[in-house]
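> I'd like to go over a predicted model; first the sequence, then the structure.
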Amino acid sequence: MFFEIDVSNGVPVYEQVARQIKFAVAAGSLVPGEMIPSVREMARELAINPNTVARAYRELQNEQIIETVRGEGLAVADRARGICRESRQQIIRDRLQGVLEEAFRSQLSADEITRLVNQEIKRLQSKYK
Amino acid sequence: MSRIMAMLTPSWRVLIWKEMRQLRGAVFTAAVAGLLLFLWMFIPYGEFSQWTSMIRESLVFWFLGIFALVGFLFAVELFAGENERGTVGLLKNLPIKPQRYALGKLGVGLVSLLAAMLVVYAILWFQHTFLVRIEHKPKFSLVLSLSLAIVPAVWVFLITSVAAAWTRNMLATGLIALPVSALILLWLPKALFGILFWANSESTFWKSLGESFFFAPLTDGLWFAPAPNLNKNGWIISTGAWMWNIAGWAVCVWLVSLRAERWISPSVGTRHLAKTADEITSKNKIAKLPQAQWKSLFWLAARQGYGVWVWLLVSALSLPLLLPTVLQTSKLGMFAPFYYNVIVLSVLMAIGSGSIFGNEQASQRLSYYQQHSVSGRKFWWSRMTLWLGIILVAVGATILIHFLLLLTAFPSFDVKKMISSENDYNVLGMQWLFRRLGEFFWLAIVLLAVGQFCSLVFRRAITAVCISAMLGLILSFWAISIALRGESLAWSLLPWGLLLLFTGWYVAPKWLNGTWSLRWRVLTVTALSIAFLIQFSVFASKRRYEFASPPTPEVVRKRMDAVSPEFLKDFQMALLYDDGERPENQDESGDTPLHQLGWGAVDTVNDRWSTHKDAVLAYLSKNRDTIERLKTALSAIDQRIDWPDEGPPSFWSALVLNQINALDWEAQRLLAEGELKESLDCMLLQTKLFPMLSPTTSTYVFERFVARMIHWAEHPDQTAELVSEAINWSYFEPAILESSRLRFGTPSAWYSFVQKDESWTWHKNANENALLKFLDFENDRRHRFVLQETSHALPGYLGLEKSGILALRGSWIPFVYHFSTKSADSWELADKERTNWRNNSFQELKKHRLLNTVLWGYLNTRLYLQSQFLQTGRFTEIDNHQRSQHQNMFYWLNLTRYDDNYYPLGDSFEIEYPPVSSLKIIDSEIRPAKQGETVPTIPWATIPPDTPYQLLPFPQRELRAQDLLGREQQAWYGLIDYRLRPNRPIETSEGAVDKAADELDNSNLVSPPDAGTKTEESADKDQ
Amino acid sequence: MNSIVKIENVSHRFGNVLALDNLSLEIPAGCVFALLGENGAGKSTTIKSIIGDLRPMSGSVTVLGAPACPSTPELRRRIGYIPEVPALYDWMTVEEIGWFTAGFYPPGFTERYLTLTNDFSLAAKQKIKHLSKGGRAKVALALTLAHEPELLVLDEPTSGLDTLVRRRFLESMIDIASSGRTVLLSSHQIPEVERVADYVAIIHHGKLQICGSLEQLKAQHERWVVSFEQVPAAFPAVVGEIILHEGQGTRRQQLLIRNPGPDSLWQVRDHAGVAEVEVHVPSLEDLFVAYIKQENSMATANDRAVNQEVQS
């Protein structure tokens, strides 16, 4: 699945796995009904502990993003996309929170911050056109 | 084979496969070494037809040595090899009990060893002429030789396995295993049994058994293999021997499996390989290496080698102490064990030096040295100088200990005399010996050279050590034979050793830097091997000794005529008969004219001989220079001469005996050329070497010496004088002299030797029963039977290709004929040969040589008839078992055969073997006489009418005897003694011979031609 | 928990050196257990005592319910061990060593071995002495995996290996963990361990510094970077166990704290003179370095205390 895992950045690994699956579902690269790799395969591919992967899957199952298909394994649930999108939003919001807080504490004014944000958006928009 | 493998459980299957595959390298090494050894044995001895009996009979020793070393090699490879390769860790992880693979290794090793031996023997089976034959059963001797060689090989293999499993260190293994093997194989059983038997000193059986264990040499078949030709007592002994063997082997196997667990852990191998430069630095403190290379290198060599030093010194010092001298009563046997020790020591030294550089490669330290720019040459020098020091100390210590033991063995030995005076006869032999001992310093240096070279050439330390050990064995054999030839080891071996040292020094930097490629290694080894072979062939191709013809009567007459006054002045001999001045020495019959007869028909002979004797005495006490000359002559004598077939019982005695024979031939040749003085000196010099023989051999040799003296002196008194002088100069065990058959003489006078005060003198016994007394073998029985048993039991030494006809034993011109059956597989062939000889050559001989010599002083002869094969007068195959029971007698006529001519050889070597009944000679047959049968003369052995002498039978006597092993010998001990009596006058002046003949006729010791009477008397006795 | 390996109060000396100092560990079943420590810390000794190579001078080691030493063939069959430099018969080919080893295990070994060597792209007829270090490691791994051990013990398995081979090893470890078996791993490669380990134990000077699940350990510890306006005279009090405190006497200091109190962060932040406090989840490397340094400084302090005692 070509996810990127950074074991030492402070974010729990299972969290990183779950997050990336959610993003993939949200972005549409994983469609509902598609099979995801088994715990073992995923662990092998990412070279991480299978328990970690299992934990990530458990969470995803709890959030009803993936579900077991009898006899075949795990697949993306039907309504996963919506959930993931929401999740995605929440995740990004969390991250924005962190950045903005940092910006405020470094005593940038609100205007400055807004200006920065808009500049960045403009730049990214032209990049991803 | 695969089916057998398939039957085993998988784990056994894979273990056996692995061990066999791993052993391939060792097998290859063993094959190469074995091939080298064979080449070495064959090359010096030229065409196979000239193969000397000595080597042939001692072939079993070569096998013993090779296979023992092969056993050693296999054990080292199997156990220490795992450690060296670093695979012990792998074995440790496998889910099986360690005992299992330890036992698997033992099994594979033993099977490979046996397979290797069987291959060798299979090859030799078809070339059995190279082997000794026991009697008439060549293939039986093959089997016996095989079993003789197997047992030591298995012992060495097992002992080495134990050592390897317990020390885990290849070098320590080698240095422990070999001395321990030598101890267990050579000395321990003898010591144990000997002590045990001597403790029961009341019983002669035990006592004599104990003695036989000491006096019999190593390869006594009794010890290692059951000898089926022994009677029940022999079986007891060999069963005991086998129980010892099997018990010992079981103990070894148990020890190995006991240690199996501990052997595999800790994993020495992985530790070895994981050594990094840092680890080496911290452990060896070589951080200062670049700055002070010499100091560091010496320190390193000393630290790494100290274990080896300890082992080498301990071994070197302990070996002499294992000499049986401390246990043995016979001091003469000491020198043979010394040579055994030299061999073991040589192999040890080879092993030690084979590991000088090898371990560095194995531990992969070379890259470390390269990193620190260590100079290859300095590295080489640092180690070599240390090692040279070690070896010199070890060799010096050994020689010193031997010397000290020698002193205790010969209390009458005057050290001062030996060190100071070179010309004293008493010390001559010892000096010679010690010069030989000193030669072994050179051997040690050559072994060092060989070892260091092997350790540089071979990448694997084990291979280096084992090849070095094999070469050490070969070199030690070679060195000993060189030394005994009287040549200097320095000239023969040292140049090659120096070449090896130089090569090692030269390639050291390349070796260190790892740039000495395989190609160059092979090239170097090939070049050096060629150099070695060249030197070798030069050594081997030395001019063969040219056999000069012995003196014909004309020559002898000429020389007598040509005796110069100067020569006569030199020699003085008091004649007992001529001067009449010593009445106490006159024989009772006053047979002066009779004895005059012995000197031929020359008038002035009496005068000559009277001065002759004095001259001899004067010479012997004054003339030293000739001895010096002869010492040089000694070293120039070639070793290759035909051996008399009755070979000596001991391998080492064989080598010394060869030397003595060489002197003997030289003496004969000198005699033929008229060099009387030199001839005598040669003969006397032989006596210096007698102390180095084993007791049985020295008896035989001394007897022959006496016979020579008889020949040389041409007068019994002179002979007696010379012999007693010889006894006084050389060191002889009194027991030997007293019990040996040192008697000779005429029908009317018999000479023997007695010890008066400190010296020996001769005693002439002239009375009517002198002959009978002479034939009294009671005192000699032991020695005779020792010889007999030893000869029969040993496959290597039997040389009993005996068949022969009549033995005519001359009083003072002895000649006997012995024709060998080396080419004959069966006795029918031998019989044919005998018949041919009898029909053709004997007549010739009688005409030309035999009888002419008879003419020269032959007064009577004594005929010993001994045949081993006789039932019906034909030579037939006999069953070994039957042989002990009956009807066996030997008879021989001993001449040597060279270039199809026959020459007098010397005295006969008799083995008496009593027959059931007396011998009857009927027509052209010889067979045991039935009781009551008359025994006529032997027509075909009768000298033809134109000769003055005729054979007459002599009455038999009865003898009861018990041999060494307590076997009851037959009641009848038949001897037939034949005299020659004059048949017609000999043409000499003054009718002296006529007179003699008449006297013979009239003397009551000689019967008239009608032998029937006499025999009837004895025939009555039979009943 | 169900322990595969139980080490209780084990101590061992090599000559004068104390290799293990009253060590106690438990390795639960079905996990990947990593043993971290410097060279000479006692990792190899621990592993040797688990394998049965070593009988510790005191304490007991139980593996798979049986005492580790003496190691019986049955036990060895259930354990797979790969040493740092695997011992192999150089003269054998890849195929042959598999056949050889198969003789000691129940049937099925050979097929599994051949599958594995295929997966690892090893040529069957290649002699082992001609293989690279990575190739030899692969052979050792194949041999060990082929008999499906319940416990796989790896001593520095990937040191000196190239990336792809290293990856292979990791994948194998993961496979084993996936199938519910246990892996004991001793390594210097902390990032690798971090990816793959469930449990981590840090050993230093023969003593166990810390042991627990990686997740828990990370959750228990925090790494703070505290910036001061000026060099402080004293550091504000912190509730919690300070494992390591670096940069003392400067304006920017770093701490590794174990189980910080719920309010300690705010307390420090609000402390006078503190400009900023950054909080990070410590990486395994952070934890490792911190504990090692702590042990070192404690050891030095002990020596100093002893010296002072002696002097006074």
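Here it is on my side, so go on. Numbers count the residues shown, from 1 in each chain, chains lettered A, B, ... in the order given.
> find the residue at the geometric middle of chain A.
The centre of chain A sits closest to A:Arg19, judged by CA atoms, centre = their mean, with a distance of 2.7 Å.
> can you list contacts of the host helix or strand of it?
Here A:Arg19, judged by DSSP states H and E, is contained in helix A:13-27. When contacts are defined by CB atoms under 8 Å, 6 or more residues apart in numbering or on different chains, helix A:13-27 is touched by residues A:1, A:3-7, A:30, A:32, A:36, A:42, A:46, A:48-49, A:52-53, A:55-56, A:59-60, A:65-66, A:76, A:80-81, A:84-85, A:87-88, A:91, C:195. All C-beta spots, glycine's among them, are computed from the backbone N, C-alpha and C.
> please redo it, this time with the cut-off set to 7 Å
A:3, A:5, A:7, A:30, A:36, A:48, A:52-53, A:55-56, A:59-60, A:65, A:76, A:80-81, A:84-85, A:87-88, A:91 (CB atoms under 7 Å, 6 or more residues apart in numbering or on different chains).
> which of the residues you listed count as buried?
Neighbour-count burial (16 or more other CB atoms under 10 Å in any protein chain shown) is assigned, among the contacts of helix A:13-27, to A:7, A:30, A:36, A:48, A:52-53, A:55-56, A:59-60, A:65, A:76, A:80-81, A:84-85, A:87-88.
> quick one, longest helix in the chain?
Let's take chain A. Longest helix in chain A, counting residues (DSSP state H): helix A:80-105.
> wait, chain C was what I had in mind.
When chain C is parsed with DSSP H, its longest helix is helix C:284-311.
> interface residues of chain A facing chain C?
Contact residues (CB under 7 Å from any CB of the partner chain) of chain A with chain C: A:7-8, A:10, A:12, A:39-40, A:43-44, A:47-51.
> would JSON lines of these with distance to B:Leu392 be doable?
As requested, these are exported to JSON lines (distance: CB to CB, whole Å):
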{"residue": "A:Val7", "distance to B:Leu392": "67"}
{"residue": "A:Ser8", "distance to B:Leu392": "67"}
{"residue": "A:Gly10", "distance to B:Leu392": "74"}
{"residue": "A:Pro12", "distance to B:Leu392": "75"}
{"residue": "A:Val39", "distance to B:Leu392": "75"}
{"residue": "A:Arg40", "distance to B:Leu392": "71"}
{"residue": "A:Ala43", "distance to B:Leu392": "70"}
{"residue": "A:Arg44", "distance to B:Leu392": "68"}
{"residue": "A:Ala47", "distance to B:Leu392": "65"}
{"residue": "A:Ile48", "distance to B:Leu392": "68"}
{"residue": "A:Asn49", "distance to B:Leu392": "67"}
{"residue": "A:Pro50", "distance to B:Leu392": "70"}
{"residue": "A:Asn51", "distance to B:Leu392": "71"}
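> which of these are close to chain B?
The overlap between the residues of chain A next to chain C and the neighbours of chain B (CB under 7 Å from any CB) is empty.
> hang on, the earlier thing: between helix A:80-105 and the helix holding A:Arg19, find me the angle.
Relative orientation of helix A:13-27 and helix A:80-105, computed by axes from the mean of the first three to the mean of the last three CA atoms, to 10 degrees: 120 degrees.
> which parts of helix A:13-27 are buried?
Neighbour-count burial for helix A:13-27 [16+ other CB under 10 Å]: A:13-14, A:16-26.
> and if you look at stretch B:441-461?
Counting neighbours by 16+ other CB under 10 Å, one finds that the buried residues in stretch B:441-461 are B:441-458, B:460-461.
> what pLDDT does the closest residue to chain A within the stretch 101-250 of chain B get?
Closest residue of the stretch 101-250 of chain B to chain A, CB to the nearest CB: B:Tyr101 (36.9 Å). Per-residue pLDDT puts B:Tyr101 at 81.
> equivalent analysis for A:Arg115, please.
Looking at A:Arg115, its pLDDT is 92.
> which residue packs closest to B:Trp12, ignoring adjacent ones?
B:Gly104 (6.7 Å; CB to CB, 6 or more residues apart in numbering or on different chains).
> so what's that neighbour up against?
Neighbour list for B:Gly104: B:Trp12, B:Leu15, B:Ile16, B:Glu19 [criterion: CB under 7 Å, 6+ apart].
> could you flag which of those are buried?
B:Trp12, B:Leu15, B:Ile16, B:Glu19.
> in CSV, list those along with pLDDT and secondary structure.
CSV is the format used below for those (pLDDT from 0 to 100; DSSP: H, G, I helix; E, B strand; the rest coil):
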residue, pLDDT, secondary structure
B:Trp12, 83, helix
B:Leu15, 85, helix
B:Ile16, 85, helix
B:Glu19, 86, helix
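> which one of those residues sits closest to A:Val117?
B:Leu15 (74.9 Å; CB to CB).
> so what does the longest helix of chain A touch, helix or strand wise?
Here helix A:80-105 touches helix A:13-27, going by 3 or more CB pairs under 7 Å, 6 or more residues apart in numbering or on different chains; DSSP states H and E.
> strands paired with the helix or strand just after the helix it packs on, and their directions?
Using DSSP H and E, the next helix or strand after helix A:13-27 towards the C-terminus is strand A:35-36. Strand A:35-36 sits in its sheet next to strand A:73-76 (antiparallel), going by DSSP bridges.
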